[in-house]
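>>> Just a sequence and a predicted model for now, questions to come.
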Amino acid sequence: MQLSTQIFVVILATLVATSSGTEIQNPDILEAPWYVACGGALNASTTVISYKPDTSLSPNERCVWTVRSPDAVTYSLEVLSFGLNPQPGELGMTASCITRDSITLSHVNIVEAGTVTLSTACPILIITYYSGGNVLNSRGFVMLYTSTTGRSDISASSMQYVIIGEEGYVRYPSTTCTAYTDYEVSSFVFAPPENIHNPERKSLVTYSLNGLEGTTCRDSIRGFKFSPITGWTHNQSIPGDYICGDTQFKSWAIDDMLMLIFRSDISQGFYGFHLTYSTLPVNFA
């Protein structure tokens, strides 16, 4: 299982050049750590995300960055360099917000350099970049996020995962015989191996129950499937896209990415669940 690795780069300039030669001045990038990998789970209060700003993008890429800074209630997001030529369903970027109470995600399409206006309630930020077969001579981007702190209503024990690989498993909570806590909001993003979508392959993600509270969905998991055309979508009426304490087992066979969001309420915590994943041929029965 490949999880995110932060890469910090020291930058001795105050200007970031876009692929068109435009320069955007922002002195905050001098002090912020830089992260240059395709996707990952970030928890610093401020970070520059830089992905191929001076390099042509590759077809069929999938990169997801999850951001959860301590005590964050929302974030400022500034796109310093933007070399994409967005085409709906073919090439694009979105910023999505996860909150404790809302069952849906709020989305903003990122289409140019400048300030991205996020919801005032955005304690967990999801940035998704995707490309299709035609990248339209596009290059990458550089963006800076900074958390706005306040009274957070999400447990500090919450975890964010971006999982990339052929196969593996995640136990949640990660320590055996440890119960999850009140008001957790944890996300699990399953991206394709090497971050490249292969239409000849699919991912199989399996859920196994250790323990969730009751059958009234006080503690639950919601599944969001990704498509370049529709983005991240959840349909509560689909069996298994909404998991409560009476679901022992569930599997998803997906042809793109999957995100599971776990939420707990204020009452008793239990021992959570296991998630396993593998990559299979698309015609696997």
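Received it, and whenever you're ready, just let me know what you need.
>>> which helices and strands sit right next to the helix or strand hosting residue 187?
Secondary structure assignment for residue 187, by DSSP states H and E: strand 185-191. Judged by 3 or more Cβ pairs under 8 Å, 6 or more residues apart in numbering; DSSP states H and E, the packing partners of strand 185-191 are strand 62-67, strand 124-131, strand 160-164, strand 167-172, strand 258-263. Where C-beta positions appear, they are placed from N, C-alpha and C, glycine not excepted.
>>> May I see the buried residues of it?
185-191 (16 or more other Cβ atoms under 10 Å).
>>> would CSV of the residues you listed with pLDDT be doable?
What follows is the buried residues of strand 185-191, written out as CSV (pLDDT from 0 to 100):
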residue, pLDDT
185, 97
186, 97
187, 98
188, 98
189, 98
190, 97
191, 97
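>>> which of those residues lies closest to residue 157?
residue 186 (8.5 Å; Cβ to Cβ).
>>> Do I have it right that that closest one meets residue 154?
No - here residue 186 does not reach residue 154: they are 9.4 Å apart, not a contact under Cβ atoms under 8 Å.
>>> Now the common contact residues for those two.
Residues touching both residue 186 and residue 154 (Cβ atoms under 8 Å, 6 or more residues apart in numbering): there are none.
>>> rewinding a little: which one of the buried residues of strand 185-191 is nearest residue 200?
Using Cβ to Cβ, the buried residues of strand 185-191 come closest to residue 200 at residue 191, 16.7 Å.
>>> Walk me through the domains of this protein.
Domain ranges of the chain: 15-149, 160-281, per automatic domain parsing.
>>> how deep is residue 238 tucked in, by neighbour count?
Residue 238 has 10 neighbours, counted by other Cβ atoms under 10 Å.
>>> So it: helix, strand or coil?
Secondary structure for residue 238, judged by DSSP: H, G, I helix; E, B strand; the rest coil, is coil.
>>> now swap in residue 203 and tell me
strand.
>>> how close does it get to residue 48?
Applying Cβ to Cβ, to the nearest Å, the value for residue 203 to residue 48 is 30 Å.
>>> Over to residue 112?
18 Å.
>>> The two - which one has more neighbours?
Ranked by neighbour count (other Cβ under 10 Å), residue 112 and residue 48 place residue 48 first, with 24 against 10.
>>> show me what contacts the more buried one?
11, 29, 32-35, 80, 142-144.
>>> same question, residue 252
203-206, 223, 225, 240, 258.
>>> Make CSV out of those and add distance to residue 73, neighbour count and pLDDT.
Output for these, formatted as CSV (distance: Cβ to Cβ, whole Å; neighbours: other Cβ atoms under 10 Å; pLDDT from 0 to 100):
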residue, distance to residue 73, neighbour count, pLDDT
203, 33, 22, 93
204, 36, 16, 95
205, 30, 20, 96
206, 34, 15, 96
223, 26, 23, 95
225, 28, 19, 95
240, 32, 13, 67
258, 27, 21, 97
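>>> ok, so of the residues you listed, who is nearest residue 63?
residue 258 (15.2 Å).
>>> nearest residue to that closest one other than its sequence neighbours?
With Cβ to Cβ, 6 or more residues apart in numbering as the criterion, residue 258 has its nearest non-adjacent residue at 4.6 Å, and that residue is residue 190.
>>> just checking, that neighbour touches residue 167?
No - distance between residue 190 and residue 167: 11.1 Å, which falls outside the contact criterion (Cβ under 8 Å).
>>> Quick check: neighbours shared by those two?
In contact with both residue 190 and residue 167: residue 277, using Cβ under 8 Å, 6+ apart.
>>> now the helices for the stretch 51-200 of the chain?
Remark: helices of the stretch 51-200 of the chain are absent; assignment by DSSP state H, counting those that start in this stretch.
>>> For it, which segments are assigned as strands?
62-67, 72-82, 91-98, 106-109, 114-116, 124-131, 139-149, 160-164, 167-172, 185-191 (DSSP state E, counting those that start in this stretch).
>>> Can you tell me the number of residues neighbouring the nearest residue to residue 89 once chain neighbours are set aside?
In this structure, residue 89 finds its nearest non-sequential neighbour in residue 229, 4.4 Å apart by Cβ to Cβ, 6+ apart. As a burial measure, residue 229 scores 9 neighbours (other Cβ under 10 Å).
>>> Tell me which helix or strand residue 229 sits in.
Counting by DSSP H and E, residue 229 is part of no helix or strand.
>>> Look up how far residue 158 lies from the nearest residue to residue 124 once chain neighbours are set aside.
Leaving aside its chain neighbours, residue 124 sits nearest to residue 98 (3.9 Å; criterion: Cβ to Cβ, 6+ apart). Distance, residue 98 to residue 158, by Cβ to Cβ: 10 Å.
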